[in-house]
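S.K.: Pasting the sequence and the predicted coordinates here, then a few questions.
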Amino acid sequence: MSDAARTATLEVEGLRSGYHGVTVLKGLDFAVGNEIFAVLGANGAGKTTLLATLARLIPLMAGSIRFQGVDVSSVPPYETARRGIGYVPQESGTFPKLTVLENLRVGGMIGRRSVAERIDEVLALFPALKPLQRQPAGTLSGGESRMVACGRALMQDPTVLLLDEPTAGLSPLYVDMFFDKVKEIHETRGVAIVLAEQNATKALQVSDRVMVLSLGEAYTVVDAAELTTQQLKEGYRI
Amino acid sequence: MDFVTQSVVIGMTEYAPLVLAAIGFALLYRLTGLINVAYAETLTLGAYFGVWLNTSFGLDFYAVLVPVGILSGLLSVATYLAVFRPAHRRNVGALEMIIISFGLSIFLRYGLQFVFGYPVRYFDVPPPDTVVVLGVGVGSFRILAIVSVAVLSLVLYLFIQRTSYGLKVRALASDEALAKVSGIHPLVVTLLIWFIAGVAGGLAGAFLGVGSAVAPLLGWRQFLFILLVVLVGGSWGLGGVIVAGVVAGIAVAAMTLQFGQVLYAQLILIIAFIVILKIRGTRLTETAKV
Amino acid sequence: MLDAFLTSGLYGVVLVTGLALLLHLQLGLVRIANFGVAGFFGLGMYVFGVLYVQVDWPFGEPWQFFVCAIAATIASGLAGILVGWLIADLDTDGVLVSTLGFATVVAILATTQADLTGGAEGLGGLSFPFDIGKTKENEFLWLLITAAVVVAILAYVWQVHRTPYGRLLIGIGGNEPLARSLGKASYRTKIWLFCVASAGMGLLGAMNAVMVRFLDPANIGIDITLAAMVGLILGGTARAWGAVVGVLLTVGLFDIVIQFYLPLPKDWYNQAIPVLREAVFGLTLIVVLLFRPLGVLGDMRRDRLLRKLHGK
């Protein structure tokens, strides 16, 4: 186990959750420290459910989530957002009718730091957004709106950022750029990142540790460098 | 020319309260996606609150407006908490939601009659001064109504578009789940929307009531007009609602002058608006028409 | 022979059941909330009344009744085609405004065209197409005839549930874009459905004109629509029998049990009871849709069939 995990910001124990009485996650235990923690798995493994549960959008059926040592298992999402959990859903991560700038301002409602300063930081991180500030987010391309979604979450000055497949469906150019940005966010801002991904190769390049989900259970949790192709294949059930 | 100025002045002053009501209704419709039939009763109750404060406490009409706004806003919030919030939590569909609001409208309309009696009531106010506008005499209450509509719509517009609460309101209307994970407390913001809509409806009701009589059907009689104005004008935002309301008001006033019969004017308005809705077209998702 | 009050109470139940059954086709199967039931009903009632009273027919009863009733049915059916066409491609909001608007138009015309309809004062001069003695007896016979018509409507609805046409209606109600992509002409189906249901409502309106024998615009207010809707929803929108059960529990309870069998103060009957009735109906809509959206009869036969097929 790496050093990062010992000073865990997010601790999950016996987590079960799902929709409409169907259990998707069947008891997960893991901890995330100040690191990039990749969650890998095939379609339907429960990656999205896990992130939505961590963001408190889906209620827990059993188990607990502790954030910075405090149990947040039944804390509503707007409260965990204020405490420092930022979440970027896979789809619809932006408010389509609001402009790019307004989207960022919504995120800026959390925290005390000057909003203008934070907006400048986000625009510096994603320079492509600069000319689009007054445009409604619904009119942006897929890659641009992912940047807005990510920027909105960063505006909240999160301690942990939950990224749900930020590169799904994007062109290869964007994919490389995005993984670089993820690494940059972690390194320059000290934000812990939980990254759900299908693209194992790319995720392994940037992440510190990996959890492979298989049908709602943790197949393995290891340092990224130690994950073998065999483990990955079995976890993906190939 | 005379006919035109007359229609414009009468239309604008007489229908100003309905434009105000339409703004409140449109706010709820655009921000919560709900067609709230019971909004009609917000108008009725606003008028009744006004009469009650006016006749029981001897407050004059202008003094009554502030408490009427607050009481109507609170009533609107109460209907949300008692009916629409539980319905929303139970994932009731759009169709059922309309029927629920229809049921609530009926329940309030008749339940209040059952409790408070059936007679028609009147505001106890001195006859309004007549102000001559462009050669047409208009009662002072109507002037006040049109001024408050102008002021309130401006305030609302600035509130929604320029303030951080307005941004929260729009964010919540755009995507509830995303608003939540962005740290927006949905209940507080939703209550705010309902309160504002209630204030607009209640004031509209008071203005309507002081112009004529206060009866249980006061709001329901205006509901179709409000609904038409909001559905037709609403796709261009609050500005569209105001324009549609003013144009409809002037048109009805002009046709009433022409035919000497307000019902014909309403008839033509209903048909014209439904035709516009039809022509503007298909709102059903046509994705399947491959 | 029944007491005159009981006859009128039962007649109310039968009439509203008929309307609720027709509404069931629209609301229950295709999921179109028709808020203009009173409009189609009222159109039939007034077309019948105006033709019956204002035209000098060369033949006597019962032919005069048949001709006028058929004309009323056709008029409402045509109005149904018009409204059906209007709402075919609109969403629920558009349906609400169009159907409510149609009902308002009918009520306005009934008031403004006073030389034909008698306007707000009302239109008299109607009578039964037969005369078997006292008014009481005529009314009782008319109750039986209306009941027969409503049973026929029930049989039609029952049969619709068991045909491909019924499944088409349910399919459109469940997922219209999908039904369209499978090549079903959903607009045409909706327009045809509106034509048939509205014609039925118009026929019931004509029958009602005979029973009340005096038409006034107050008879075609929103309370008719409300009564049909609350009955249907309480009984269960998805089931053919829902309308029957629900109307018995609502209109039946109020217009028969409470009106005649409860020892209430005399002065309540003029104002308090009718007002209370509407208030309770409104509350019923809310409570049922919140806590038991499928009504008393609950889920559908077809669900049972599906469960059987999927072995659950």
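M.R.: Received, thanks.
S.K.: What residues of the helix or strand where residue B:169 lies count as buried?
M.R.: Secondary structure assignment for residue B:169, by DSSP states H and E: helix B:164-174. Buried positions in helix B:164-174, judged by neighbour count with 16 or more other C-beta atoms under 10 Å in any protein chain shown: B:166-174. C-beta: built from backbone N, CA, C; applies to glycine.
S.K.: want to try CSV for these, with distance to chain A as columns?
M.R.: What follows is the buried residues of helix B:164-174, written out as CSV (distance: C-beta to the nearest C-beta, whole Å):
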residue, distance to chain A
B:166, 10
B:167, 6
B:168, 7
B:169, 11
B:170, 6
B:171, 5
B:172, 9
B:173, 8
B:174, 4
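S.K.: quick check, nearest of those residues to chain C?
M.R.: For chain C, the nearest member of those is residue B:173. The distance, counting by C-beta to the nearest C-beta, is 16.0 Å.
S.K.: What separation is there between that closest one and residue B:167?
M.R.: Distance of residue B:173 to residue B:167, computed by C-beta to C-beta, to the nearest Å: 11 Å.
S.K.: tally of neighbours for the residue of chain A found nearest chain C?
M.R.: Proximity of chain A to chain C (C-beta to the nearest C-beta) peaks at residue A:21, 13.5 Å away. Using other C-beta atoms under 10 Å in any protein chain shown, residue A:21 has 6 other residues around it.
S.K.: Which residues are in contact with the nearest residue to residue B:86 once chain neighbours are set aside?
M.R.: In space, and not counting its chain neighbours, residue B:86 is closest to residue C:290: 5.9 Å by C-beta to C-beta, 6 or more residues apart in numbering or on different chains. Contacts of residue C:290 were listed using C-beta atoms under 8 Å, 6 or more residues apart in numbering or on different chains, and they are B:83, B:86-87, B:90, B:92, B:100.
S.K.: Export those as TSV, with columns for neighbour count and secondary structure.
M.R.: As requested, those are exported to TSV (neighbours: other C-beta atoms under 10 Å in any protein chain shown; DSSP: H, G, I helix; E, B strand; the rest coil):
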residue	neighbour count	secondary structure
B:83	22	helix
B:86	15	helix
B:87	21	helix
B:90	12	coil
B:92	17	coil
B:100	28	helix
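S.K.: hmm, who's touching stretch B:123-142?
M.R.: Applying C-beta under 8 Å, 6+ apart, the external contacts of stretch B:123-142 come out as B:2, B:5-6, B:8-10, B:13-14, B:16, B:50-51, B:54-55, B:60-61, B:143, B:207, B:209-211, B:214.
S.K.: Just the buried ones among those residues, please.
M.R.: B:6, B:8-10, B:13-14, B:16, B:50-51, B:54, B:61, B:143, B:207, B:209-211, B:214.
S.K.: Burial check on the closest residue to residue C:219 other than its chain neighbours, number of neighbours?
M.R.: When the adjacent residues along the chain are set aside, residue C:219 lies closest to residue C:212, with 6.8 Å between them (C-beta to C-beta, 6+ apart). When neighbours are counted by other C-beta under 10 Å, residue C:212 registers 15.
S.K.: Ok, residue C:276 next?
M.R.: Neighbours of residue C:276 (other C-beta under 10 Å): 18.
S.K.: Hmm, it is touching residue B:110, no?
M.R.: Yes: under the criterion of C-beta atoms under 8 Å, residue C:276 is in contact with residue B:110, at a separation of 7.3 Å.
S.K.: about what we covered before: just send the contacts of residue C:290 back as a markdown table, with pLDDT too.
M.R.: Listed next are the contacts of residue C:290 as a markdown table, based on pLDDT from 0 to 100:
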| residue | pLDDT |
| --- | --- |
| B:83 | 93 |
| B:86 | 92 |
| B:87 | 91 |
| B:90 | 86 |
| B:92 | 86 |
| B:100 | 94 |
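S.K.: Would you mind putting the residues you listed into a markdown table with distance to residue A:47 alongside?
M.R.: Output for these, formatted as a markdown table (distance: C-beta to C-beta, whole Å):
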| residue | distance to residue A:47 |
| --- | --- |
| B:83 | 38 |
| B:86 | 33 |
| B:87 | 33 |
| B:90 | 29 |
| B:92 | 31 |
| B:100 | 37 |
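S.K.: any idea which of those residues is the one closest to chain A?
M.R.: The closest of the contacts of residue C:290, once distances to chain A are taken by C-beta to the nearest C-beta, is residue B:90, at 13.3 Å.
S.K.: Nearest residue to the closest one in space, please, no chain neighbours.
M.R.: residue C:290 (6.4 Å).
S.K.: what's the helix or strand for residue 86?
M.R.: The chain I'm using is chain A. strand A:85-88.
S.K.: not what I meant, chain C
M.R.: helix C:63-87.
S.K.: repeat for residue B:145
M.R.: Short version, using DSSP H and E: residue B:145 is in helix B:140-162.
S.K.: ok and that helix relative to helix B:164-174, angle-wise?
M.R.: 80 degrees (axes from the mean of the first three to the mean of the last three C-alpha atoms, to 10 degrees).
S.K.: ok, back up a step: what's next to the strand holding residue A:86, contact-wise?
M.R.: With C-beta under 8 Å, 6+ apart, strand A:85-88 has contacts from A:51-52, A:54-57, A:67, A:72, A:77, A:81, A:107, A:146, A:149-150, A:152-154, A:156, A:158-164, A:166, A:191, B:181.
S.K.: after it, next one along is what?
M.R.: Next along from strand A:85-88, by DSSP H and E: helix A:100-108.
S.K.: Could you list the low-pLDDT ranges of the chain?
M.R.: No chain specified, so I'll use chain A. A:1-7, A:237-238 (pLDDT under 70).
S.K.: ah, no, chain B please
M.R.: Looking at chain B by pLDDT under 70, you get B:1, B:281-290.
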